[in-house]
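1. Take this sequence and fold it.
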Amino acid sequence: MKTNQFLFAALTAAFLSVASFSASQVTIGGGDAPKAGVVLDLNSTTKGGLLLSNVELTALDVIPTTFPNASAISQTEKQALAGMVVYNTFDYLEPNGDGLYVWDGNKWNYIGGSDGMLAYTTISAPTCSSAVPSVSFFAYNLGADVARLHADYPGMSPAKQQIAYLATCAYDATDATVWGDLYQWGRIADGHEKRNSPTYQGPLYLASDVDGNGQPIAGKGKSEFIMAIDNTPNDWYELQNNNLWGNGRLVDYNFSSADGGAVPDGSGGYYQKPVKTVNDPCPSGWRVPTQDEWERLGNYGCGDPQNVTGRVPEGSTNMPATGQATTTRGSGNELTWVPVKGGKVSNGWANSAGNLGGYAVYKTDVWNAATTVSSGYFYNVTWSSTDKRLYDAAAPEPLLFLPTAGGRYHSDGTFEYVGEGGRYWSGSISDYSVRVMHIDLYNVNPSNYLYRGSGMSVRCVKE
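-> This next block holds a predicted model:
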């Protein structure tokens, strides 16, 4: 924490020479009467701003230990501090990062800042299709313990933090540190998304089971994982609402159109601007991605009609011998997907301690430059020796890391594929299912689909 001693001294001096106009109003820096309704009027002839203390907030419900007598502050005293304002310097405080915060008696509330969550990566548009814009992905899964990762691995990039943690941690399906939360499609963050949330026997099937925003009401699975019967539509709510997240449409770009082919609603056409709904669990300025935004990580319009990202050929039992799958997004704009296990390149995962990982996504030229030199640190593209770890300081820098966060099965809430695969929601509906980004040992596919009652990961994108 940085205390502005000069400001403190200036304010103290000003108070000592303050012009008092009533028992409840004071002016600092001038002789004019305080304005009506004002308790403290900063009225200096020298114009400037009020510099707040810079502090590092580690959690929204915690008074920092650097505050005077912080360890002895009671709950009653915490409530009496309502209205206290600070400037938080911790970039990765979820969900908004650095900026101005006000204490409401129980927690810190974000007022504003320069950019909100700063830990994100902008993936440039494929150069073979000018109609497709760039997209910015947050660097962590929603619900990951960003503060812990930042504290345990200071100075590391978000992707390397996650790779390092999974390289050594014990296998625990409920550990959200890197894997984050598991949402049922269309639901808000009400507690159901926590990996250890209780289950509720569903599905819901009456209009009266949900509130005006389409969310479960108390006594009907609110804050619980709602189990769907193993039968179509396999949703937590049988009266399906396609507009809980986004605009409910599966959209594609018209590559022959300069603007992407934007068309009116219901026309069955091409690209439509994504819509963030009130139920979207992503923080302000962020939303659940669309399918086409996931596809921008791959061969979007660049020779692959299925737009499948870096996919290993069907029937393969291993990743390519080079430990990578490269997309074709246009010359100089390719991305390389590298499977990571235990912090190293691998041809697969195992859900056991020290063997966890996911996919690290690199700019292809960055990856190739680091792995094709004939001598030096990265001489072996398979990284088979124990000192060739992808989270080392000298390792190439990933753009993104997608962990094998697994999921929860729609019919009973049990875990599936944790440490072995992952599925990431989009806001794009496909019949009674939803398009998802799917990763496993054999392929990375943004065109897969999943039942809405499943519990899966959310990776937010900037609006």
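2. Spell out the residue ranges of the strands in the stretch 201-350 of the chain.
-> Using DSSP state E, counting those that start in this stretch, the strands of the stretch 201-350 of the chain run over 225-227, 286-287, 325-326, 335-341, 344-345.
3. between those strands, which gets the lowest average pLDDT?
-> Mean pLDDT is lowest for strand 325-326 among the strands of the stretch 201-350 of the chain, at a mean of 62.
4. on that earlier part again, present the strands of the stretch 201-350 of the chain as TSV; the columns should include distance to Gln201.
-> Just so you know, the C-beta spots here come from the backbone N, C-alpha and C atoms, and that holds for glycine as well. TSV is the format used below for those (distance: least, CB to CB, whole Å):
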stretch	distance to Gln201
strand 225-227	6
strand 286-287	31
strand 325-326	41
strand 335-341	37
strand 344-345	43
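5. got CSV for these, with distance to Ser134 and mean neighbour count too?
-> Formatted as CSV, these follow (distance: least, CB to CB, whole Å; neighbours: other CB atoms under 10 Å):
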stretch, distance to Ser134, mean neighbour count
strand 225-227, 35, 25
strand 286-287, 15, 24
strand 325-326, 19, 20
strand 335-341, 13, 26
strand 344-345, 27, 23
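6. Outline the domain layout of this structure.
-> Domain ranges of the chain: 5-42, 54-112, 119-463, per automatic domain parsing.
7. Which of those domains has the lowest mean pLDDT?
-> Across the domains of the chain, domain 5-42 gives the lowest mean pLDDT, at a mean of 58.
8. and of the strands of the stretch 201-350 of the chain, who's closest to Gln215?
-> strand 225-227 (10.8 Å; CB to CB).
9. Any chance you could list what contacts the closest one?
-> With contacts defined as CB atoms under 8 Å, 6 or more residues apart in numbering, strand 225-227 is touched by 184, 192, 197-204, 216, 236-237, 408, 410-413, 453, 455.
10. where along the stretch 1-150 of the chain do the helices fall?
-> Using DSSP state H, counting those that start in this stretch, the helices of the stretch 1-150 of the chain run over 5-16, 75-80, 146-152.
11. So for Val62, which of the strands of the stretch 201-350 of the chain sits nearest?
-> Judging the strands of the stretch 201-350 of the chain by CB to CB, what sits closest to Val62 is strand 286-287, at 23.2 Å.
12. Which neighbouring elements make contact with that closest one?
-> strand 461-462 (3 or more CB pairs under 8 Å, 6 or more residues apart in numbering; DSSP states H and E).
13. Now find how far off-centre the strand it packs on is within its chain.
-> Its chain's C-alpha centre and that of strand 461-462 lie 8 Å apart, by CA atoms, centre = their mean, to the nearest Å.
14. and that strand, what other elements does it pack with?
-> Secondary structure elements in contact with strand 461-462, counted by 3+ CB pairs under 8 Å, 6+ apart, are strand 135-138, strand 286-287.
15. ends of stretch 432-450, how far apart?
-> The first and final residues of stretch 432-450 sit 9 Å from each other (CA to CA, to the nearest Å).
16. Same question for that stretch: list its buried residues.
-> For stretch 432-450, a neighbour-count test (16 or more other CB atoms under 10 Å) marks 433-450 as buried.
17. what does stretch 237-244 give?
-> Of all the residues in stretch 237-244, those buried under the rule 16+ other CB under 10 Å are Tyr237, Glu238, Gln240, Asn241, Asn242, Leu244.
18. now stretch 411-427
-> The neighbour-count check on stretch 411-427 (16+ other CB under 10 Å) flags 411, 413, 415, 417-427 as buried.
19. those helices in the stretch 301-450 of the chain, which residues are they?
-> Using DSSP H, counting those that start in this stretch, helices in the stretch 301-450 of the chain cover 364-371.
20. on that earlier part again, the strands of the stretch 201-350 of the chain: which one's closest to Thr404?
-> With distances scored as CB to CB, the stretch of the strands of the stretch 201-350 of the chain nearest to Thr404 is strand 335-341 (9.1 Å).
21. what's the closest of the buried residues of stretch 411-427 to Arg287?
-> Closest to Arg287, out of all of the buried residues of stretch 411-427 and judged by CB to CB, is Gly427, at 7.4 Å.
22. Tabulate the CA atom coordinates of stretch 49-60 in CSV.
-> Extracted in CSV, the C-alpha atoms of stretch 49-60 (Å, rounded to 0.1, in the frame of the first residue of the first chain):
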residue,chain,number,x,y,z
GLY,A,49,-7.3,16.8,-7.8
LEU,A,50,-7.7,14.8,-4.6
LEU,A,51,-5.2,11.9,-4.6
LEU,A,52,-6.6,8.9,-2.8
SER,A,53,-4.5,6.3,-1.1
ASN,A,54,-3.3,3.5,-3.4
VAL,A,55,-4.0,0.1,-1.8
GLU,A,56,-3.9,-3.6,-3.0
LEU,A,57,-7.3,-5.2,-2.5
THR,A,58,-7.0,-9.0,-2.5
ALA,A,59,-10.7,-9.8,-2.1
LEU,A,60,-14.0,-7.8,-2.3
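23. can you pull the buried residues of that stretch?
-> Ser53, Val55, Glu56, Leu57, Thr58, Leu60.
24. picking that back up, make JSON lines out of the domains of the chain and add distance to Gly48.
-> Formatted as JSON lines, the domains of the chain follow (distance: least, CB to CB, whole Å):
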{"stretch": "domain 5-42", "distance to Gly48": "9"}
{"stretch": "domain 54-112", "distance to Gly48": "16"}
{"stretch": "domain 119-463", "distance to Gly48": "29"}
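25. Need the winner for burial among the ones you listed.
-> When the domains of the chain are scored by mean count of other CB atoms under 10 Å, the highest mean neighbour count falls to domain 119-463 (a mean of 19).
26. Endpoints of that domain, how far apart?
-> End-to-end distance (CA to CA), domain 119-463: 15 Å.
27. And stretch 411-424, by the same measure?
-> Where stretch 411-424 begins and where it ends lie 19 Å apart, using CA to CA.
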